[in-house]
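> structural data only, the sequence is not supplied:
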Ligand SMILES: Cc1cc2nc3c(=O)[nH]c(=O)nc-3n(C[C@H](O)[C@H](O)[C@H](O)COP(=O)(O)OP(=O)(O)OC[C@H]3O[C@@H](n4cnc5c(N)ncnc54)[C@H](O)[C@@H]3O)c2cc1C
């Protein structure tokens, strides 16, 4: 029986919508299915949406920088108007602190040099001039406030930071995902909401579509898993997990929203900042707030979640821990009695590097394991996945003969075996949200 869809993508987050956009652009008839009510309502909704280019691997840095080109030219990338308006890229640049733990950012600087990414070396005098609220005391290693050594100052202050102008953040990740949906719809893409996939159908040793919770069956010769923190559940439904050397799990994370110190318009002057000395990242947020997340220091227990439909969405003591850490770098920060913020899940791969790959089930693909750091790369991930799917459907064996994707702005190739489910653990990874 013929099916109206060349491909079904499970998930309409920023990754699933970007895949639909690229496949529909080349004439594929696509359908995205999401159990929630609208695009970007899953973990994308609570993303800090920081667009940075510093990663622990050259491939990670390269696809982040290539993706930055699309965020920086969002209207042209989309090519269509969205009646809801376009998400805004706040191009504030990014500040990354140099410290003993990151070896003065030696590795990151050398990768940026290799890729031609501009940055400036700032000493603390310059940092203070630009961001008056920041303090240079080193506290490494990051600790929890109950540790008697919390707040213990190291003899040497931080060395300074690098500042790179080609970065920033998106103020509204849900709107940006809607923008991509509308762009895909302009090429005929379809989106179905409030529909939960409960079964992956197979026929003649390949995927054949999906079954929804209400019993509806939708056939397609290609199914893509872009289900975010539910990725391991969908992979188990497809029975492809046992073949994977790298697997994914859902990890709970808290992000705090704190008022900026009195008298400082941080919303106007601030930029995304990354500080491994205190194990925190932060950026300006609307309402003159500062939003801050954890860079996963060893002292913080990891809260792996068995059921991504059922986890504690309330802030816990962890929010207070993160606020106290940030107050080390911003001494005038007030910590309210009632801390505000958001709680959501990362879809974490074993080595915190995503899996953009086929599977051992013909026609079943996955864009998973985004590990808290792949919102920014979605434009390139959509393109890489489209190329992978088209080539594999044309008979290429990506496991034996990996696809090489050309980053057109950087004029550089990415060998997609880097993202293979069959790779060994990548020891170059930070094993944290930094990727
Ligand atoms: C707190 C937080 C902060 C972050 N900060 C940053 C950042 O600053 N910069 C950055 O680059 N990245 C960041 N990330 C990571 C980034 O947001 C994610 O990598 C990205 O949003 C993942 O997109 P996705 O489309 O894969 O997943 P999702 O947005 O989660 O979309 C998956 C969709 O699949 C649907 N789904 C799941 N199961 C089913 C099913 N059975 N049937 C139908 N639909 C299903 C879900 O409803 C969901 O809408 C952050 C993540 C979090 C949680």
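Here it is on my side, so go on. Predicted, not measured: the structure shown is a model, and the values here were computed from it. Residues are numbered from 1 along each chain as shown.

> please work out which residue of the stretch 201-350 of the chain is closest to the ligand.
Residue of the stretch 201-350 of the chain nearest the ligand, by CB to the nearest ligand atom: residue 228 (2.4 Å). Heads up, the C-betas are built off the backbone N, CA and C, glycines and all.

> tell me how many other residues crowd that residue.
Neighbours of residue 228 under the rule other CB atoms under 10 Å: 28.

> ok, now residue 268?
A count of nearby residues for residue 268, using other CB under 10 Å, gives 10.

> name the nearest residue to it, ignoring sequence neighbours.
Excluding its sequence neighbours, the residue lying closest to residue 268 (CB to CB, 6 or more residues apart in numbering) is residue 284, at 7.8 Å.

> how close does that neighbour sit to residue 195?
Computed as CB to CB, to the nearest Å, the residue 284 to residue 195 distance reads 37 Å.

> of these two, which one has the most company?
Comparing residue 284 with residue 195 by neighbour count (other CB under 10 Å), the higher total belongs to residue 284, at 24 against 19.

> which ones are touching the more buried one?
Residue 284 is in contact with 90, 92, 169, 260, 266-271, 290-291, counting by CB atoms under 8 Å, 6 or more residues apart in numbering.

> return the per-residue confidence for it.
Looking at residue 284, its pLDDT reads 97.

> by contact count, what packs against the host helix or strand of residue 383?
Assigned by DSSP states H and E, residue 383 belongs to helix 378-393. When contacts are defined as 3 or more CB pairs under 8 Å, 6 or more residues apart in numbering; DSSP states H and E, helix 378-393 sits against helix 14-25, helix 58-71, strand 355-357, strand 364-368, strand 404-407.

> got the ones you listed as JSON lines, with mean neighbour count columns?
Below are the helices and strands packed on helix 378-393 laid out as JSON lines (neighbours: other CB atoms under 10 Å):
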{"stretch": "helix 14-25", "mean neighbour count": "29"}
{"stretch": "helix 58-71", "mean neighbour count": "23"}
{"stretch": "strand 355-357", "mean neighbour count": "28"}
{"stretch": "strand 364-368", "mean neighbour count": "28"}
{"stretch": "strand 404-407", "mean neighbour count": "17"}
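
> to the ligand, which of those lies closest?
Nearest to the ligand among the helices and strands packed on helix 378-393 is helix 14-25; the distance by CB to the nearest ligand atom comes to 3.5 Å.

> show me what the closest one is packed up against.
strand 7-10, strand 30-33, helix 173-185, strand 364-368, helix 378-393.

> quick one: that helix to helix 58-71, angle?
Orientation of helix 14-25 against helix 58-71 (axes from the mean of the first three to the mean of the last three CA atoms, to 10 degrees) gives an angle of 70 degrees.

> distance from the chain centre to helix 14-25, please.
Relative to its chain's centre, helix 14-25 lies at 16 Å (CA atoms, centre = their mean, to the nearest Å).

> show me which residues of this protein sit near the ligand.
Contact residues, the chain versus the ligand (CB under 6 Å from any ligand atom): 10-16, 33-36, 41-44, 46-50, 196-197, 226-230, 253, 255, 293, 344-346, 370, 372-376.

> repeat the analysis, applying 5 Å as the threshold.
Contact residues, the chain versus the ligand (CB under 5 Å from any ligand atom): 11, 13-15, 34-36, 42-44, 46-48, 50, 196-197, 227-228, 230, 253, 255, 344, 370, 372-376.

> tell me the contacts of the residue of the stretch 201-350 of the chain closest to the ligand?
Residues in contact with residue 228, defined by CB under 8 Å, 6+ apart, are 11, 13, 15, 42-44, 345, 347, 368, 370.

> will you turn the residues you listed into JSON lines that also has pLDDT and distance to residue 277?
Output for the contacts of residue 228, formatted as JSON lines (pLDDT from 0 to 100; distance: CB to CB, whole Å):
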{"residue": "11", "pLDDT": "98", "distance to residue 277": "36"}
{"residue": "13", "pLDDT": "98", "distance to residue 277": "32"}
{"residue": "15", "pLDDT": "98", "distance to residue 277": "31"}
{"residue": "42", "pLDDT": "98", "distance to residue 277": "32"}
{"residue": "43", "pLDDT": "98", "distance to residue 277": "27"}
{"residue": "44", "pLDDT": "98", "distance to residue 277": "29"}
{"residue": "345", "pLDDT": "98", "distance to residue 277": "27"}
{"residue": "347", "pLDDT": "98", "distance to residue 277": "28"}
{"residue": "368", "pLDDT": "98", "distance to residue 277": "32"}
{"residue": "370", "pLDDT": "98", "distance to residue 277": "26"}
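
> go through the protein and flag its longest strand.
Counting residues, the longest strand found in the chain (DSSP state E) is strand 248-259.

> tell me which helix or strand comes right after it.
Scanning forward in sequence from strand 248-259 by DSSP H and E, the next helix or strand is helix 266-269.

> what residues of that next one count as buried?
Neighbour-count burial for helix 266-269 flags residue 266 (criterion: 16 or more other CB atoms under 10 Å).

> name the helices or strands packed onto that helix?
Helices and strands touching helix 266-269, as assessed by 3+ CB pairs under 8 Å, 6+ apart, comprise strand 280-285, strand 289-294.
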